[in-house]
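Q: just a sequence and a predicted model for now, questions to come.
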Amino acid sequence: MEEELERAAQALYALPFDEFIAARTAAAKDAAASSKPLAQAIRSLPKPSVAAWTVNMLAHHGPDAVQQLRTLGQTMQEAQASLDAAALRELAKERRKLLGTVVGEARLAAEKQGRKVSGAVATEVEETLRAATADLAAAAAVESGLLLRGLSADGVDQVDLSDAVAVPSALGKLPPRRLPTQRPTEAQRPTEAQRPAGGTQSPAVGAPKGRRQEPSAAKAPTSRNARTQPPEAASRADTDAVAVGHEKPRLQAVRTARRPVTPSLLEKAEAALAEAEETAADAAVEAARRAHVQEEAAADFVRLTAEVNEARQRVRALELSLDAARKERETAAAEAKQYARAAEKSERSAVLAKERVLRLRNTPD
C-alpha cells in the first residue's frame, strides 16, 4: 500500500495549489473501490503550506535546480569535514548566488501553476532550500516533492523533519551523516607528567635551531617539589594537574556551546499560521462548493417559480373557461327546460286539436 500511496501523493502534490482538496477527494473515492485503508490514507494527506507547495513545484518541474543544491551541499559538508575554511568561504558565496537563482525558478514555477509568491513566502522558500544544502535528510525531503511545511537549519543541529513530508517512507534510506573531524584540544594533548621521563622537549615555535628552550621560572619550583615529594604525593599532584587541564577546556566549551534550538514563538506562530491557512483554504473550497450548490438551487427556484406562474396562468384561464362553460351549461339547461315546457304545451294543444277533430267527425251534419 505504501507504493500506491506514494504514487497517489506524487500526483496530488504536483497539482496547482487550489486543486489539491478536490483532487484528494476524487483520488480517495477512486481508491475506495479497491482498498479502504488506501482511501483513508489518501484522505488523510495534509494540504501543504504555500511555501512548501512552491518548493514542491520546483522539485516536480525543475528537478535540476534541486540537484544542484544537493551537490553543492555535499561539497560544503566535505569542506567542513576537512576543516577547509577557505573553501567554505568560497562555497558560501556560491550558495548565496545559487539560492537567489533557484528561488527565482521556484517563484516562476509557482506562477506557471497559477499562484504568485509573496516576499514572505519567497523568504521561507529560500530558508528551506538553504536547509537542503546543510543536511542530507532535508535535501531528500525537498527532492521528494512531498513537502508539507518549510524547513530551517541553524548549522549545528540536524534539520527537524517531523511532520514535514507527506509520505516519510518515500525518502528511503539516507546515507549516514558525516561528522567533521575535530582537532585535539588542550586537554587531549600530553601534559608534562605524561611525557616520558628524561625526554627532550621540542623546541619552541620560532626558536632558533640548536638552542635549547629554557624552562620557565614557574615550572622550576614545581619540578623540584615533585622530586622531593613522596611518590604517592607526586602521583596525586600529577592527577590534579591533568584534571585541571581537562576541566578548563570543558568550562570553555560550556561557555561557548550553543543552547539547544527550541521552537521560538515566531516558529510556533508560523506553524499556527500554516495550519490556519490550510483550514481557511479547505473552508474556502467548501464555501465555493456550497456557493455552487446555492447557485444551482437558486436557478431551480427561478425555473420552478416561472413554471408555477405559468401553471397559475393556465389555471386561471381554465377557471375562466370553466366559468364560461358553467354559465353556458346553465343557459342551455334553462333553454332546454323552456323548450321542454313549450313542447309539452304544444303536445297538449295537439291532443286537444285531435280530440276536437274526432268529435267533429262523429257529429252528424
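A: Thanks, I have the structure now.
Q: residues in contact with the strand or helix carrying residue 51: which ones?
A: Taking DSSP states H and E as the criterion, residue 51 maps to helix 50-61. Residues outside helix 50-61 that contact it (CB atoms under 8 Å, 6 or more residues apart in numbering) are 13-14, 17, 48, 65-66, 102, 105-107, 109-110, 112-113, 115, 117, 121-122, 124-125, 128-129, 142-150, 277. From N, CA and C alone the C-beta is placed, and that goes for glycine too.
Q: just the buried members of those residues?
A: Among those, those buried by neighbour count (16 or more other CB atoms under 10 Å) are 13-14, 17, 48, 65-66, 102, 105-107, 109-110, 113, 115, 117, 121-122, 124-125, 128-129, 142-150.
Q: Three-state assignment for residue 114, please.
A: coil (DSSP: H, G, I helix; E, B strand; the rest coil).
Q: gap between the closest residue to it other than its chain neighbours and residue 330?
A: In this structure, residue 114 finds its nearest non-sequential neighbour in residue 16, 5.0 Å apart by CB to CB, 6 or more residues apart in numbering. According to CB to CB, to the nearest Å, residue 16 and residue 330 sit 74 Å apart.
Q: next, residue 43: phi, psi?
A: phi -60, psi -30 (degrees, to the nearest 10).
Q: so who does the residue nearest to it when sequence neighbours are not counted touch?
A: Among residues not flanking residue 43 along the chain, residue 28 sits closest, at 4.2 Å (CB to CB, 6+ apart). By CB under 8 Å, 6+ apart, residue 28 lies in contact with 39, 40, 42, 43.
Q: apply 6 Å and report the result again.
A: Contact partners of residue 28, counting by CB atoms under 6 Å, 6 or more residues apart in numbering, are 39, 42, 43.
Q: thought the second one was touching residue 27?
A: If I follow you right, that is residue 42. Yes - when contacts are counted by CB atoms under 6 Å, residue 42 is listed as touching residue 27 (5.1 Å).
Q: neighbour count: those two, which is higher?
A: residue 42 (24 against 19; other CB atoms under 10 Å).
Q: if I pick that one, what's in contact with it?
A: So residue 42 contacts 8, 27, 28, 31 (CB under 6 Å, 6+ apart).
Q: how big is the angle separating the helix or strand encompassing the last one from helix 50-61?
A: Under DSSP H and E, the secondary-structure element containing residue 31 is helix 20-32. Between the direction of helix 20-32 and that of helix 50-61, the angle (axes from the mean of the first three to the mean of the last three CA atoms, to 10 degrees) works out to 60 degrees.
Q: residues of helix 20-32 that come out buried?
A: So for helix 20-32, counting by 16+ other CB under 10 Å, buried means 20, 21, 23, 24, 27, 28, 31.
Q: OK, contacts around the fourth one?
A: The reference is to residue 24. Counted by CB under 6 Å, 6+ apart, residue 24 has contacts residue 12.
Q: please repeat the previous calculation with a cut-off of 8 Å.
A: Counting by CB under 8 Å, 6+ apart, residue 24 touches 12, 42, 43, 45, 47.
Q: same question for the third one.
A: The neighbourhood of residue 23, defined by CB under 8 Å, 6+ apart, consists of 11, 12, 15.
Q: let's go with 6 Å and repeat that
A: Contacts for residue 23 (CB under 6 Å, 6+ apart) come out as 12, 15.
Q: what pLDDT does it get?
A: You'll see residue 23 listed with a pLDDT of 93.
Q: same check on the fifth one?
A: What the model reports for residue 27 is a pLDDT of 92.
Q: so it makes contact with residue 8?
A: Yes - counting by CB under 6 Å, residue 8 is a contact partner of residue 27 at 5.4 Å.
Q: need the phi and psi values for residue 151.
A: phi -120, psi 160.
Q: wait, it sits on residue 160?
A: No - counting by CB under 6 Å, residue 151 does not reach residue 160; the two are 7.7 Å apart.
Q: between those two, which one's more packed in?
A: Comparing residue 151 with residue 160 by other CB under 10 Å, the one with more neighbours is residue 151, at 26 against 18.
Q: contact partners for the closest residue in space to that one that isn't next to it in sequence?
A: Nearest non-adjacent residue to residue 151, counting by CB to CB, 6+ apart: residue 131, 4.0 Å away. Residues in contact with residue 131 (CB under 6 Å, 6+ apart) are 138, 151, 152, 153, 159.
Q: quick one: which of those sit in helices?
A: By the criterion of DSSP state H, membership of those in helices covers residue 138.
Q: can you list the contacts of residue 131 in TSV and add pLDDT and distance to residue 344?
A: Formatted as TSV, the contacts of residue 131 follow (pLDDT from 0 to 100; distance: CB to CB, whole Å):
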residue	pLDDT	distance to residue 344
138	91	115
151	92	112
152	88	114
153	83	119
159	86	116
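Q: thinking again about what came up before, and which of the contacts of residue 42 is nearest to residue 363?
A: Comparing those against residue 363 with CB to CB places residue 28 closest, at 116.1 Å.
Q: what separation do you get for the closest one and residue 44?
A: Residue 28 is 9 Å from residue 44, by CB to CB.
Q: likewise residue 91?
A: Residue 91 sits 40 Å away from residue 44 when distances are taken as CB to CB.
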